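[1] Please find the sequence and the predicted model below.
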Amino acid sequence: GGHIDNKSGAWKTKIGGLGAGIDSFYEYQFKMYLLWGRRDYWDIFLDNKKSIDRYFVRQNWLVDCNINSGVPTSSHLESLA
């Protein structure tokens, strides 16, 4: 899910993926490890990468998935700019 209702705390959508709005989260984990050399940032990055590879990578493409089932829902290119 990409959006949470700030009043109820419920997910507004049941689709999750890697694209605009979330990619920087992973990018900065890696950059913080490079900058400060702290192993905990690297470990967090690797844990997240394992989940990305498990749920979002299909035949070398990134796909969107249902956040409850992990079933792929779509694949498309998304501008990160």
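    Cool, the structure landed.
[2] Can you show me the helices along the chain?
    Counting by DSSP state H, the chain forms helices over residues 23-36, 39-55, given from the N-terminal end onward.
[3] Tell me which of these approaches Trp11 most closely.
    Proximity to Trp11 (C-beta to C-beta) singles out helix 39-55 among those, at 15.6 Å. Placement of C-beta: from N, CA and C, glycine included.
[4] For the closest one, enumerate the helices and strands it packs against.
    Helices and strands in packing contact with helix 39-55 are listed as helix 23-36; criterion 3 or more C-beta pairs under 8 Å, 6 or more residues apart in numbering; DSSP states H and E.
[5] neighbouring contacts of the helix it packs on?
    Identification of contacts with helix 23-36 by C-beta atoms under 8 Å, 6 or more residues apart in numbering yields Leu18, Arg38, Arg39, Tyr41, Trp42, Ile44, Phe45, Asn48, Lys49, Ile52, Leu80.
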